[in-house]
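Q: predicted coordinates and the sequence they were generated for:
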Amino acid sequence: MTRQHGGAIRAVRHPDDGEDGVRFAVISAKRGTIRGEFAGDRRDLFTLDATNIGILIDNVGDMVIDDAGDAARQLRPDQAAVLFQPYNPFVSGLAAASHDGHLLEELGALLAYAPNSAPQPDSTLPAAYTYLGQFIAHDVSRMVICQNDDEFNFRTPRLDLDSLFGAIDAKDKNPANSVEFRGGLGLGLTAGAPCNRKDLPRSASGEPQIADARNDANLAVAQFTVMMTRFYWKMLACHGHAADAQRATKQHFQHVVLYDYLRQIIDPAAYEDVVHMGGPKIIARAPFFVPLEFALAAFRVGHSMVRGRYEDFSDNPVATVSDLMRHTHRGGYLESGADTDKERRLNNSWPVRWDSLVDLSPAERPNLAMAIDERMGDGLQAVSWWQFREIVNYDMSTYPSKYGDAATPLPVQTLLRGRLAGLPDAQTLHAAINALLPASAQLPDMLTSEEIAKVTSDDLKSFLNRTDVDFTECTPLWFYCLRESALPPACGNRFGPLTSRIVMETIYTGIAEDPEGILSAEFKEKSFQPDGCLVNKHGIFGLREFVRHATA
C-alpha cells in the first residue's frame, strides 16, 4: 500500500487507451493546471496526454523519472504515479515567497524555544476543541492510495468521516481478541484490571485497526476517535442499518463542526459571510481539493492551542503532551494485556475523562485550550521523529525522518514545509483574496510591521527587528496566521481574519461536497436537524451534547 499525505494520483493504463494516453484516477493535483478530460460524470476520473503528466515518482522503486513520455510507457497497472504537490492553492497563480531557509529555521527555533517570554494564557475554549480540530484535519487532508492487489480506496477531501468509516489503515491487519466490532467499527480492551473497552481496536502488536493511523498520533485524538465510535454505535442502535447509522453519525458531526466549532473558532464576519451570504467566494469546487494554505499554514495554528499539561485528563492527576504521545502504538508505552504477555494495549488508567476536556455540565471546569499566539506549549518544541513523514531541511532537501534527529522542533518543520510547497507570503495572499472578494466581505487591513513584531519573547522580537530579516514586511503565512489570531479582536480565542477566510471556506466546502452531507442539495433543502433527544433544553446540539450522548 502506498500513501501520500494530502493526496496523489494513480495511473492505470486501460486497454482502450492509445499509446500516448493514460487514464488517471485523480485524488489531488499539484499547483497549476492539469489538462485532461473527465470520464463521463466521474469528476475523479479523467484522461491525460502523457506529455502533461510531469515528473512522476515510481512508488515501487522510489525512482524519479524525468521524461513524462517514458514514465507513462513504464507504468504498470499495479503502480501509482504521484505528482509532487498533493494540494491545490487557495488562490491560483501566486508566486512563492522567497524566504531564506536559514532565517526560517532560526525563526522556527525561536517559536519553539521562547526564553524571556511571558507564560502563554488560556483561551476561552474547552480543550476538546483542540482535538476536534485535529480530527477534522485528518479527515479532509489525507487520501490513501492502494496498489498491487489491494482495492483502490479513496480518502476524499470531503468532511465525510472516511477517516472513521474507511478501510483499515494498517500494515498488521490482525485484530486481537480484545476487539469488539459493531457495524464495522470496533473498540479494544485496555490493559490492567479491571479492563474496559475504551481503547482503539488494536492488533496484538498494538497497531491501531482504524481508517487513519494518524488518529493514534497522540492519546487525546485517539480517545476522540474512540468517542466517535461510541457515538456511531448509539446511532446503530437507533437506526439498525450500518449505512443509515453512518449517515446519521456523519450529519450530526457535520452539524457540530458547522454550528459549534466553526462558529466559535472563526472570525464572525467570515463565518456570517460564508454561512449566510452565499457560501465560499474563492475556493474552487470543480473539482474541490484541500488548499495548500489550509493544510500547511492556516489550520496549523491549532498547534498553538495544545496545552503542555492537562489536569485530571484521566485517572492520572496530570497528563503532559509527552504522555499523550507516548501512550500510542508508535510512542511505545502500550502495555501487556491480562490474557497474554504479547498483546499491547492502553493501560486502563489512561482513557480520557471527558469532563476534563469539555464542560459536560455548568458546574464542571474543564481544561481550556491555550490562547492562539506564536508560542508552542511544552512538548511541541521538539517532536519525536515518527511524527513526521520526512524531515525538511533549510536547503529544501528532504530525507526520511528516521535518519533525522530524535526530536525536531515542530515550528521549524512547519515553516520549512511551507517553503518547500511554495506558499505565498501573507501580504501577497491577503491582497489576492481581497481582489476576489466582494466589497461586503473584504478582509480588514493587514497587520502592520509593528504589530507583527509585537511578540512576547524578547529574543524573538530582537530577531524580527534585525536588518537582515524581512519577515514583518514579507511574512511567512503560518507565522502571520499565528500573530493575527493573537491580537485583538481575536485575542487568542479564535482565528484572525485571513486565517478564518481560508479555514472557513475549506471546511464549509468539505461539508458541501459530501453528497450525503447537511449542505448537499437534498439535505440542505430539508434543513437537517439533529435528533430531538440529543439537543439540550435550548435546542442546541454542539460538541458538549455530542460527547455526552456518545459516552452516556
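A: All right, it came through fine.

Q: my read is residue 135 is in a strand, agree?
A: No - using DSSP: H, G, I helix; E, B strand; the rest coil, the assignment for residue 135 is helix, not a strand.

Q: list the contacts for residue 260?
A: By C-beta atoms under 8 Å, 6 or more residues apart in numbering, residue 260 lies in contact with 541-543. For glycine as for every other residue, the C-beta is placed from the backbone atoms N, C-alpha and C.

Q: gap between residue 546 and residue 536?
A: 11 Å (C-beta to C-beta, to the nearest Å).

Q: and the two? which has more neighbours close in?
A: Higher neighbour count among residue 546 and residue 536: residue 546, with 24 against 11, using other C-beta atoms under 10 Å.

Q: which residue is the nearest non-sequential neighbour of residue 104?
A: residue 415 (4.5 Å; C-beta to C-beta, 6 or more residues apart in numbering).

Q: hmm, that neighbour is touching residue 106, no?
A: No - applying C-beta atoms under 8 Å as the test, residue 415 and residue 106 come out as separate, 9.8 Å apart.

Q: which one's more surrounded, those two?
A: Just comparing residue 415 and residue 106: by other C-beta under 10 Å the higher neighbour count belongs to residue 415, 30 against 18.

Q: check contacts around that one.
A: 104-105, 107-108, 476, 478-479.

Q: of all pairs in those, which one is the farthest apart?
A: Using C-beta to C-beta, the pair of the contacts of residue 415 lying farthest apart is 105 and 478, separated by 13.7 Å.

Q: these two - which one has more neighbours?
A: Neighbour tally, residue 105 and residue 478, criterion other C-beta under 10 Å: the higher count belongs to residue 478, 27 against 20.

Q: need the nearest residue in space to that one, chain neighbours excluded.
A: Residue 478 sits nearest to residue 297 (C-beta to C-beta, 6+ apart), 4.1 Å away.

Q: coming back round to it: in which helix or strand does the residue nearest to residue 104 reside?
A: helix 410-420 (DSSP states H and E).

Q: what's the following helix or strand after that helix?
A: helix 426-436.

Q: how far off centre is that next one?
A: What separates the centre of helix 426-436 from the centre of its chain is 24 Å, taken as C-alpha atoms, centre = their mean, to the nearest Å.

Q: CA atoms only: put it into PDB for me.
A: Extracted C-alpha coordinates of helix 426-436, given in PDB (Å, rounded to 0.1, in the frame of the first residue of the first chain):
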ATOM      1  CA  ALA A 426       0.900  36.600   3.900                       C
ATOM      2  CA  GLN A 427       0.900  40.000   2.300                       C
ATOM      3  CA  THR A 428       0.600  38.600  -1.300                       C
ATOM      4  CA  LEU A 429      -2.200  36.200  -0.300                       C
ATOM      5  CA  HIS A 430      -4.100  38.900   1.600                       C
ATOM      6  CA  ALA A 431      -4.100  41.200  -1.400                       C
ATOM      7  CA  ALA A 432      -5.100  38.400  -3.800                       C
ATOM      8  CA  ILE A 433      -8.000  37.300  -1.600                       C
ATOM      9  CA  ASN A 434      -9.300  40.900  -1.300                       C
ATOM     10  CA  ALA A 435      -9.100  41.300  -5.100                       C
ATOM     11  CA  LEU A 436     -11.500  38.300  -5.400                       C
END
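
Q: centre of the chain versus the next helix or strand along the chain from it, how much separation?
A: As assigned by DSSP H and E, the chain's next helix or strand after helix 426-436 is helix 449-452. Its chain's C-alpha centre and that of helix 449-452 lie 29 Å apart, by C-alpha atoms, centre = their mean.

Q: who does helix 449-452 touch, helix- and strand-wise?
A: helix 477-486 (3 or more C-beta pairs under 8 Å, 6 or more residues apart in numbering; DSSP states H and E).

Q: and the helix it packs on, what does it pack onto?
A: helix 101-112, helix 292-296, helix 410-420, helix 426-436, helix 449-452, helix 497-512.

Q: and those as a markdown table, adding distance to residue 368 and mean pLDDT?
A: Listed next are the helices and strands packed on helix 477-486 as a markdown table, based on distance: least, C-beta to C-beta, whole Å; pLDDT from 0 to 100:
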| stretch | distance to residue 368 | mean pLDDT |
| --- | --- | --- |
| helix 101-112 | 21 | 94 |
| helix 292-296 | 25 | 91 |
| helix 410-420 | 21 | 90 |
| helix 426-436 | 28 | 98 |
| helix 449-452 | 25 | 96 |
| helix 497-512 | 20 | 97 |
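
Q: tell me the one of the contacts of residue 415 nearest residue 317?
A: The closest of those, once distances to residue 317 are taken by C-beta to C-beta, is residue 108, at 32.7 Å.

Q: doesn't residue 408 make contact with that closest one?
A: No - judged on C-beta under 8 Å, residue 108 makes no contact with residue 408 at a distance of 9.9 Å.

Q: out of these two, which sits in the more crowded spot?
A: residue 108 (24 against 21).

Q: for residue 462, see how far away the more buried one is.
A: 16 Å.

Q: go on, residue 316?
A: 40 Å.

Q: repeat for residue 499
A: From residue 499 to residue 462 the distance is 26 Å (C-beta to C-beta).

Q: tell me which of the two has more neighbours.
A: residue 499 (32 against 14).

Q: thinking again about what came up before, need the residues touching each of residue 415 and residue 106.
A: With C-beta under 8 Å, 6+ apart as the test, residue 415 and residue 106 reach no residue in common.

Q: returning to what we had before: contact partners for the residue nearest to residue 478?
A: 414, 418, 423, 477-478, 481, 502.

Q: recalculate using a threshold of 10 Å.
A: 90, 291, 414-415, 417-418, 421, 423-424, 426, 429, 476-482, 498-499, 502 (C-beta atoms under 10 Å, 6 or more residues apart in numbering).

Q: what of residue 232?
A: Taking C-beta under 10 Å, 6+ apart, one finds 161, 164-165, 182-185, 242, 245-246, 248-250, 252-253, 550 in contact with residue 232.
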